[in-house]
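Peer 1: Provide a 3D model corresponding to the input given below.
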Amino acid sequence: MPANLPPPYFEAEKRYREAKTPEAKIEALEEMLTIMPKHKGTDKLRADLRRKIAKFKSQAQQKKGGGKQGTAYQIDKEGAAQVVVTGAPNTGKSSLVAALSNAEPEVADFPHSTWKPTPGMVPYENIQFQFIDTPPINASYVDPWMADLIRRSDLMLLLVDLQADPLGQLEETLDVLARLRIYPEGCPIPDDLPKKPCIKKALVAANKVDTERDREDFQAFVELAECPLPCLPVSTRSGYGLHELLERTFQVCRIIRVYTKAPGKEPDRSAPFVLAQGSTLQDLAEKIHKDFVHKLKFARIWGTQVFDGQMVQKDYVLHDGDVVEIRI
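Peer 2: The predicted model follows:
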């Protein structure tokens with residue numbers, strides 16, 4: 001299908017070719033992207049322009065930042081945990097975030113349709129996770145802000161395409177992360193690193209598991225990969241495995257939900273406090289309000305590890321599902 005580009009596009013393209021600075025090139029490229037009609041005939045051209053914009057933005061960032069680079073896209077954390085979805089081109093990252101959340105990342109059947117991170121809130125039982133769709137990473141190019149985004153996250157979700165060399169994709173993704181000194185928890189770390197590594201909780205998901213044969217292929221992938229990370233089969237097309245993916249996300253993030261109540265009243269189970277596993281009553285008090293830490297005398301607990309209404313002190317370790325009645 002022909003692109004049918006209008007004359008203003010070629011005028012912007014001329015300014016792009018004549019531009020001398022990354023900022024000027026970005027301005028012209030973004031104008032070209034805005035002018036370009038959106039249809040099948042321009043899909044690959046749009047992806048190429050976005051790659052160029054990302055490239056020149058990284059150059060501009062490095063020039064401004066000198067030795068210390070900032071992050072071009074800093075996304076504030078929301079929900080119970082922030083999950084960065086990363087991996088090779090065309091594994092289905094955008095489709096996954098779109099299937100799970102209210103986000104609308106651009107989904108296309110060609111590489112590099114995503115050129116900036118797109119967050120989406122994903123409901124799971126009575127909490128939400130924040131999943132972030134990101135541009136692909138590969139050995140040839142990684143947006144410089146990606147490392148910072150991943151380091152700030154609570155969990156990495158490494159996505160591979162079961163129908164397109166998942167072993168090679170996983171190996172390349174892990175190699176690229178290692179170049180950034182980012183290592184999934186449980187994976188080997190070299191002893192001779194020049195700087196301290198960043199160790200992150202991680203999951204691996206294999207997309208496009210749609211048939212019984214695909215499930216068999218997934219089992220073969222797991223055996224051949226010999227990966228120490230939890231690996232899950234999913235399908236963004238049918239929804240297969242997506243609930244299990246969220247269950248495992250909750251488990252790997254190692255978080256708990258705790259409910260509070262006033263004396264004589266029932267707890268609001270639709271709005272739990274989310275804490276790290278191993279958190280104490282004092283940690284909960286700090287999360288509710290900083291003044292509670294000093295005013296807290298004791299609490300009564302309803303849960304699986306105590307009898308109903310048991311009195312506990314500040315150092316009591318909370319468990320998922322506990323109901324707390326704080327006394328100050």
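Peer 1: same for the host helix or strand of V293, what does it pack against?
Peer 2: In this assignment (DSSP states H and E), V293 forms part of helix 292-295. For helix 292-295, the elements it packs on are helix 281-288, judged by 3 or more CB pairs under 8 Å, 6 or more residues apart in numbering; DSSP states H and E. Backbone N, C-alpha and C define where each C-beta goes, glycine included.
Peer 1: what mean pLDDT does the helix it packs on have?
Peer 2: Over the span of helix 281-288, the pLDDT mean works out to 90.
Peer 1: can you check stretch 230-248 too?
Peer 2: The average of the pLDDT scores along stretch 230-248 is 97.
Peer 1: next, the buried residues of that stretch.
Peer 2: Going by neighbour count (16 or more other CB atoms under 10 Å), the buried part of stretch 230-248 is 230-236, 240-242, 245-246, 248.
Peer 1: the residue most central in space within the chain: which element?
Peer 2: When the chain is reduced to its mean C-alpha position, the nearest residue by CA atoms, centre = their mean turns out to be V84, at 1.4 Å. Secondary structure from DSSP H and E places V84 in strand 82-87.
Peer 1: with just CA atoms, put the following helix or strand past that strand into CSV.
Peer 2: On the C-terminal side of strand 82-87, the nearest following helix or strand under DSSP H and E is helix 93-100. Extracted in CSV, the C-alpha atoms of helix 93-100 (Å, rounded to 0.1, in the frame of the first residue of the first chain):
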residue,chain,number,x,y,z
LYS,A,93,4.6,-6.4,25.1
SER,A,94,2.1,-3.9,24.0
SER,A,95,-0.6,-6.5,23.5
LEU,A,96,0.0,-7.9,27.0
VAL,A,97,-0.3,-4.5,28.7
ALA,A,98,-3.4,-3.8,26.6
ALA,A,99,-5.0,-7.1,27.4
LEU,A,100,-4.4,-6.7,31.2
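Peer 1: list the contacts for V204?
Peer 2: Remark: with contacts taken as CB atoms under 8 Å, 6 or more residues apart in numbering, V204 is in contact with L157, L158, L159, V160, L170, A225, C227, L229, P230, C231, L232.
Peer 1: and it, that's in a strand?
Peer 2: Yes - with DSSP: H, G, I helix; E, B strand; the rest coil as the criterion, V204 is assigned to a strand.
Peer 1: what segments of this protein are helices?
Peer 2: Assignment of helices within the chain using DSSP state H yields the ranges 7-18, 22-35, 43-65, 93-100, 145-152, 166-179, 212-225, 242-253, 281-288, 292-295.
Peer 1: picking up where we left off before, and the closest residue to the residue nearest to the centre of the chain other than its chain neighbours, what does it touch?
Peer 2: Residue nearest to V84 in three dimensions, not counting chain neighbours: S153, with 4.3 Å by CB to CB, 6 or more residues apart in numbering. Each residue near S153 by CB under 8 Å, 6+ apart is listed here: Q82, V83, V84, I132, K200.
Peer 1: how close does S153 sit to C198?
Peer 2: Here the criterion is CB to CB, to the nearest Å. By it, S153 lies 10 Å from C198.
Peer 1: quick one: average pLDDT of stretch 17-26?
Peer 2: When pLDDT is averaged along stretch 17-26, the result is 84.
Peer 1: er, stretch 185-194 I mean
Peer 2: Mean pLDDT, computed over stretch 185-194, is 89.
Peer 1: give me the contact list for that stretch.
Peer 2: By CB under 8 Å, 6+ apart, the residues outside stretch 185-194 that reach it are L174, R181, Y183, P197, I199, K200, K201, A202, P228, L229.
Peer 1: from memory the last one sits against L203, does it?
Peer 2: Yes - proximity of L229 to L203 meets the contact threshold set by CB atoms under 8 Å, at 6.4 Å.
Peer 1: what about these two, which has more around it?
Peer 2: L203 (22 against 19; other CB atoms under 10 Å).
Peer 1: which strand residues bridge the more buried one?
Peer 2: Residues in a beta bridge with L203, per DSSP bridges, are L157.
Peer 1: for it, give me its contacts.
Peer 2: With contacts defined as CB under 8 Å, 6+ apart, the neighbours of L203 are L155, M156, L157, L158, L229, P230, C231, L232, L245, R248, T249, V252.
Peer 1: and the furthest pair within those residues?
Peer 2: Based on CB to CB, the longest span within those runs between L155 and C231 and measures 14.5 Å.
Peer 1: which residues of this structure score low on pLDDT?
Peer 2: For the chain, applying pLDDT under 70 flags the ranges 1-3, 58-73, 103-115.
Peer 1: could you chop it up by domain?
Peer 2: Domain segmentation of the chain under automatic domain parsing yields 7-65, 82-253, 255-327.
Peer 1: can you say which of those is packed in most?
Peer 2: Greatest average neighbour count among those goes to domain 82-253 (a mean of 18), per mean count of other CB atoms under 10 Å.
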